[in-house]
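Student: my questions concern the predicted model and sequence given below.
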Amino acid sequence: MSKPGKVVLTVLLLAGFGAALFFAMRGQKAEQEQKAEAAAIASATELKGLIALDVEPFFADPRVRRILAEKRLPVTVTRIGSREMAARVVPGAMPDFLFPSGVVAANQIADAAAKAKIAIAQSSPFFSPMVIASWQPVAKILVANGMAKPLGERTYGVDIAKLTETMLARKRWKDLKGAEAYDVSRGVLVSTTDVRRSNSAAMYLALTSYAKNGDVVTDRAAAEPLARQLAELFKRQGYQENYVNGNFDDYVAIGMGKAPMAFIYEYQLVSHALAKKGVAADMVLMYPQPTIVNKVVFMATNERSRALADLLANNAELQKIGVEYGFRVADTRVFIEAVKPTGLSVEERVTQVVDPPSFDIMAGMIDVVTQEMAK
Amino acid sequence: MTTTTKESVSSRRPLALLLVWSAALALVACGKSEPEPAAAAKAPAAPAAEAAVFSVLATTDLKDAQALEQMVEKATGVKLRFSWGGTMESTEAVLTGKAQADAAWFANAKYLLSDPQGQARVKLQEKIMLSPITVGVSESAAKKLGWDDPATAGKVTWKTIAKAAAEGKLSYALSNPATSNQGFMALMGVVAAASDKADALAAADVDRGAIASFLKGYKLVGDNSTYLAEKFIEGQGPRLNAFINYESWLLTLNNGGKLKEKLVLVYPKEGVSTADYPFMLLQESRRADYLKVVAYLKGGEAQTWLARQTLRRPISAEVAGQVADLFPKAGGTLVELAFSPDRQLSDGLIDAYLNEFRRPIASTFVIDTSGSMEGHGRRAQLVQAIHYISGDDSSLTGRLAKLTDRERVWMLPFSDRPRQMTYFELPAGRTKARGVQIQEDSEAKQKVLGDVRDYADRLSMSGGTALYDSVLVALEHMLAERKKNPGYQYSVVAFTDGENNQGRNLKAFQEAYAQLPEDVRAIPVFMVLFGEAKEADLKAMVQITGGKVFDARKTPLYAVFKDIRAYQ
């Protein structure tokens, strides 16, 4: 072989070798980067959070776990009662975040944190209005008696002040005008869970106290007699399910004969419908006017959990998954589009919203109702 | 310390990457020498058979779902096993924390869950299926009452039912109101219908006359649905023409082909009480297994199986749609009876049922006092059992076991032959004009209870075992008493610890029994199997006399006596 030929060959060989080496190295580097990525994800310390039952299925969702891991914000969550969370506000032993159901519990936590000089950032990535799940024949009776009006196809607005008056007047269903379709001697009552243990029942107390008072109850002296008067709305129900889904289970599984009107979070029926668990043709949603919108309040206690708050509120995929669990999110269209195919009717815009009373007032009213129920 | 590291991952990227790099390298380096996979292979996962049993205390009406043990294990790997108990007994076991179970599954747990102590015991709960309590009426009787016409049946209330019972047109089988959910809720239905209150009943609302009317038709007593179903098939006729039970059991009977005539199911208007079968976690440490089991039970396979095999309505609306054909379409909405959480009402009603409303008990206790009873602490167990039913245990089950107001008891000890009978009669209590409440024992009642305990203390043991002769004497005695006082519920409770070795044998007993008047069939014999008694012989005897054998070989004798009380 000629010298130049040798040189060319050597160059070629070297180039080939170099290229091979280059590509091999590059492949190795990519692989190493992937491994590093995986290791980084795996090594990101989990954020510890105390959460309400409402968002437990959300955090258990594998897609949510994947996204949070990719964003280096994995979590371990423990479900406890929202009203028990304030007691966990302890300097030096704070969870990274708390995610209570409802602003009442959130305010209680915020108070405790302020006293302990712990900075907390609040946001509400998910929310759900309180509604009365009911049945077409029942809703029509309420309309005939001036207590409700149709809002859309299978959605109604119910005048909570008039309904409260009717219940306190101890009217029976069969006493109402046009009650042929529900000609029952039981009293007109909305069923709830146990107010002593559950937030949704507390929201019912908040709402009926607003209705009776004509405004949000802010006066401690007025709260007590009001609660004493409203206690019968709970007591007359007889046995109440004392777990959060009990009242809702009775509504969907046993039906109108057990639960003509059930006070629930909108998300309970929406998630039921989205999971294709069956929407009966005569199920309707009645939106109290006014109603309370229950926010699931994300409370961040440090920089990383604040990053998680941003992610929950702004990541389109997480917001979409939240909707799958029945929640409303900032972009109402996402919610409406998701619900449309299920056959369930929801009210697009929930107007006439009031706040529940302060934590102290609420706690005082719940105590009064508890005393009355023990009598 | 770790917190600092993880903060840096997000905030200071280059350093973080470096750390990650070295961490990754360290992992790779270790990877080869890591002995984990081999170790894992050497230590195989515990086989399913060794997995800890997930024990479930279930009410006896769920016995038809026992096949779930295998289904759950196969689908989830959780080794679920049932143990059985009556509703009240099981409620008490959970309330007091004595239930040796990881979970409980009751037809209805409202009695348990209306108590703060009960709420604290139950960590999680999920309703699994539904079955309303209904009145199954023999077709011919339904025709006479007009209830075969759906429009008329749709208007039948518990008040209508009580009236038909009082007029002798409805004679029914029902499990004991003091021990079972079906019996108790039927009474509550009558109370609610008679009070005409819009909601939340209280103890003072009880209309005593209505309950008395309803109980006039109560002909077949028992404490579990299997026993009642057997006896109902045997006795169905003009004197036993209805069965009040869960829809699931009545539909099963209708499909089973053993009834003399089918039952028309009547759903009392505004008085249906639906069992919702909550499955409840008791032991926090078994939460993970519990969640697996619940997910399976609420899933399509189990829900469909439960609907098809046990005829309970699915809780899953989706499955319910697929199996709707299995269930009758009652005209209109089934309006539920509100369950009153008022313990004064429920406890008062049970107490009043036992001591005042129910047909009083008259029974002869045939007691083995043969020589063999002296050994193995048997005499002590017997004395304890008699003390138990004449004691002052105020627990739920204690009140059930205890001798009730107006009750008549004859003690018939035997050895080589029947010995002398001793008679005790419990006085009637004071009746309230209105409502119900738990009554304290009067002095007169305390005196009789004391006499019964003294009697037990004095029992002496010697001689052989003339079981059949003694049971025959007891039956003849009950027959004679029944003729004099037909207003009582008669039965014989016989207890033996050995084989019959004196007097008549089984064959001779059978012949003698055949000679007794037909009315003897209304007097069941409840046989207690103890010590070396021969199970086959006792079973053969209750085949002849009607009744049931109770096994006290593994269960304490007093507990068996308590069980028998629910059948009397």
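Tutor: The structure has been received and is ready for your questions.
Student: can you tell me the closest non-neighbouring residue to B:Val56?
Tutor: B:Ala103 (4.8 Å; Cβ to Cβ, 6 or more residues apart in numbering or on different chains). Using the backbone N, CA and C atoms, a C-beta is placed for each residue, glycine as well.
Student: measure A:Met147 to chain B for me?
Tutor: 18 Å (Cβ to the nearest Cβ, to the nearest Å).
Student: I figured that residue was touching A:Ile160, is that so?
Tutor: No - look at A:Met147 against A:Ile160 with Cβ atoms under 8 Å: they stay out of range, at 9.0 Å.
Student: who has more neighbours, the two?
Tutor: A:Ile160 (26 against 22; other Cβ atoms under 10 Å in any protein chain shown).
Student: gap between that one and A:Met167?
Tutor: Using Cβ to Cβ, to the nearest Å, A:Ile160 is found at 10 Å from A:Met167.
Student: for the stretch 1-150 of chain A, what lies in contact range of chain B?
Tutor: Those residues of the stretch 1-150 of chain A that sit near chain B, judged by Cβ under 8 Å from any Cβ of the partner chain, are A:32, A:35-36, A:39-40, A:43-45, A:72.
Student: count the residues that sit near residue 226.
Tutor: No chain in the question, so chain A it is. 21.
Student: I was thinking of chain B, sorry if that wasn't clear
Tutor: Look at B:Thr226: counted by other Cβ under 10 Å, it has 13 neighbours.
Student: ok, the residue nearest to B:Leu426 when sequence neighbours are not counted - how many residues close by?
Tutor: Closest residue to B:Leu426 apart from its sequence neighbours, by Cβ to Cβ, 6+ apart: B:Glu407 at 4.6 Å. For B:Glu407, the neighbour count with other Cβ under 10 Å is 24.
Student: which residues does B:Glu407 contact?
Tutor: B:Glu407 is in contact with B:360-362, B:425-426, counting by Cβ atoms under 8 Å, 6 or more residues apart in numbering or on different chains.
Student: just B:Leu201 next, same as before
Tutor: A:238, B:188, B:191-192, B:195, B:338, B:340, B:342, B:345.
Student: ok, 6 Å please
Tutor: B:192, B:340 (Cβ atoms under 6 Å, 6 or more residues apart in numbering or on different chains).
Student: and it, what element?
Tutor: Assigned by DSSP states H and E, B:Leu201 belongs to neither a helix nor a strand.
Student: what is the neighbour count of the residue of the stretch 1-150 of chain A found nearest chain B?
Tutor: Chain B sits closest to A:Thr45 of the stretch 1-150 of chain A, with a gap of 3.5 Å, by Cβ to the nearest Cβ. A:Thr45: 18 surrounding residues under other Cβ under 10 Å.
Student: in what helix or strand does it lie?
Tutor: Going by DSSP H and E, A:Thr45 is not in any helix or strand.
Student: do A:His272 as well
Tutor: Using DSSP H and E, A:His272 falls in helix A:266-274.
Student: does anything pack onto the helix or strand following that helix? Which helices or strands?
Tutor: Sequence-wise, the next helix or strand downstream of helix A:266-274 (DSSP H and E) is strand A:283-289. With contacts defined as 3 or more Cβ pairs under 6 Å, 6 or more residues apart in numbering or on different chains; DSSP states H and E, strand A:283-289 has these neighbours: strand A:121-135, strand A:155-159.
Student: Throw these into TSV and include mean neighbour count and mean pLDDT, thanks.
Tutor: Converted to TSV, the helices and strands packed on strand A:283-289 look like this (neighbours: other Cβ atoms under 10 Å in any protein chain shown; pLDDT from 0 to 100):
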stretch	mean neighbour count	mean pLDDT
strand A:121-135	22	97
strand A:155-159	21	97
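Student: which one, of the ones you listed, ends up nearest to B:Thr369?
Tutor: strand A:121-135 (65.5 Å; Cβ to Cβ).
Student: give me the number of residues near the residue of the stretch 51-200 of chain A found nearest chain B?
Tutor: In the stretch 51-200 of chain A, no residue comes nearer to chain B than A:Gly187, which is 3.7 Å away by Cβ to the nearest Cβ. Residues within reach of A:Gly187, counting by other Cβ under 10 Å, total 22.
Student: pick out the residue of the stretch 151-300 of chain A closest to chain B.
Tutor: A:Gly278 (3.0 Å).
Student: could you pull up the contacting residues of that residue?
Tutor: B:317-318.
Student: quick check: phi and psi at it.
Tutor: A:Gly278 adopts backbone torsions of phi 110, psi 120, taken as degrees, to the nearest 10.
Student: how much space separates it from A:Met261?
Tutor: A:Gly278 is 20 Å from A:Met261, by Cβ to Cβ.
Student: what's the answer for B:Leu472, then?
Tutor: 63 Å.
Student: give me the most central residue, chain B.
Tutor: Centroid-nearest residue in chain B, with Cα atoms, centre = their mean: B:Gly86, separated by 2.5 Å.
Student: quick check: that one touching B:Thr179?
Tutor: Yes - contact criterion Cβ atoms under 6 Å: B:Gly86 and B:Thr179 qualify, at 4.6 Å.
Student: joint contacts of these two?
Tutor: B:Asp223.
Student: low-confidence stretches in the chain?
Tutor: Assuming you mean chain A. Along chain A, segments meeting pLDDT under 70 span A:1-5, A:8-9, A:11-14, A:16-18, A:21-23, A:40-42.
Student: not quite, go with chain B.
Tutor: Within chain B, the segments meeting pLDDT under 70 span B:1-51, B:330-331, B:432-433.
Student: what's the closest of the contacts of B:Glu407 to A:Ser101?
Tutor: B:Ile361 (53.4 Å).
Student: and the residue of chain B nearest chain A?
Tutor: B:Ala317 (3.0 Å).
Student: surely that residue meets A:Lys277?
Tutor: Yes - taking Cβ under 6 Å as the definition, B:Ala317 is a contact partner of A:Lys277 at 5.5 Å.
Student: how about the residues of the stretch 301-450 of chain B near chain A?
Tutor: Residues of the stretch 301-450 of chain B that fall close to chain A, judged by Cβ under 6 Å from any Cβ of the partner chain: B:315, B:317-318, B:333-336, B:338-341.
Student: let's see it at 10 Å
Tutor: B:313-321, B:330, B:332-342 (Cβ under 10 Å from any Cβ of the partner chain).
Student: buried ones among the residues you listed?
Tutor: B:313-317, B:319-320, B:330, B:333-342 (16 or more other Cβ atoms under 10 Å in any protein chain shown).
Student: export stretch B:535-551 as PDB, just CAs?
Tutor: Extracted in PDB, the C-alpha atoms of stretch B:535-551 (Å, rounded to 0.1, in the frame of the first residue of the first chain):
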ATOM      1  CA  GLU B 535     -74.500 -36.300  68.300                       C
ATOM      2  CA  ALA B 536     -76.300 -38.700  65.800                       C
ATOM      3  CA  ASP B 537     -78.800 -39.800  68.500                       C
ATOM      4  CA  LEU B 538     -79.700 -36.300  69.500                       C
ATOM      5  CA  LYS B 539     -80.100 -35.300  65.900                       C
ATOM      6  CA  ALA B 540     -82.300 -38.200  65.300                       C
ATOM      7  CA  MET B 541     -84.400 -37.200  68.300                       C
ATOM      8  CA  VAL B 542     -85.000 -33.600  67.200                       C
ATOM      9  CA  GLN B 543     -85.900 -35.000  63.800                       C
ATOM     10  CA  ILE B 544     -88.800 -36.700  65.500                       C
ATOM     11  CA  THR B 545     -89.800 -33.900  67.900                       C
ATOM     12  CA  GLY B 546     -88.800 -30.800  65.900                       C
ATOM     13  CA  GLY B 547     -86.400 -28.400  67.500                       C
ATOM     14  CA  LYS B 548     -82.700 -28.100  67.200                       C
ATOM     15  CA  VAL B 549     -79.400 -29.500  68.600                       C
ATOM     16  CA  PHE B 550     -77.000 -27.000  70.200                       C
ATOM     17  CA  ASP B 551     -73.400 -28.100  70.600                       C
END
